[in-house]
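1. coords please:
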Amino acid sequence: MERTEIVLEGRKGEIQLFSEDKKAGKMDISVIGKKLTVYHTEVDPEFEGKGFAKILLERLVSYARENDLKILPLCPFVHAQFKRHPEEYNDVWLKEEA
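-> So this is what the prediction gives:
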């Protein structure tokens with residue numbers, strides 16, 4: 001059984017993913033005002049190929065929606081997913097102006 005936890009200490013933190021009570025992956029994040037920046041997504045090699053990065057992404061997006069935040073996707077995985085599925089993420093995607 002998988003579960004997620006959001007751990008914020010001040011402005012920085014992680015979205016943590018656990019499988020059978022073992023930490024399987026995480027996203028490094030920060031929240032400043034209404035901006036949630038995601039820096040890095042990591043899944044333990046033991047758990048790769050099980051869709052765990054997608055579970056982390058879904059939790060990230062639902063957290064942003066619940067808290068009226070916009071996501072700045074500095075993480076290459078998250079940015080790629082946002083670009084691949086803009087219709088799904090446009091409401092939370094903070095696009096940096098060039």
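
2. now for the nearest residue to Glu20 once chain neighbours are set aside, how many residues are close by?
-> In space, Glu20 comes closest to Met1 once its chain neighbours are excluded; the distance is 6.8 Å by Cβ to Cβ, 6 or more residues apart in numbering. Bear in mind the C-beta positions are built from the backbone N, C-alpha and C, glycine included. Met1 has 6 neighbours, counted by other Cβ atoms under 10 Å.

3. so Met1 sits against Ser19, correct?
-> Yes. At 7.5 Å, Met1 counts as touching Ser19 under the criterion of Cβ atoms under 8 Å.

4. how near is the residue nearest to Glu20 to Thr41?
-> Shown here: Met1 relative to Thr41, a distance of 21 Å by Cβ to Cβ, to the nearest Å.

5. now the residue most central in space within the chain: phi and psi?
-> When Cα atoms, centre = their mean is applied to the chain, the residue found nearest the centroid is Leu60 (3.7 Å). Per-residue torsions, Leu60: phi -60, psi -50 (degrees, to the nearest 10).

6. report pLDDT for it.
-> You'll see Leu60 listed with a pLDDT of 98.
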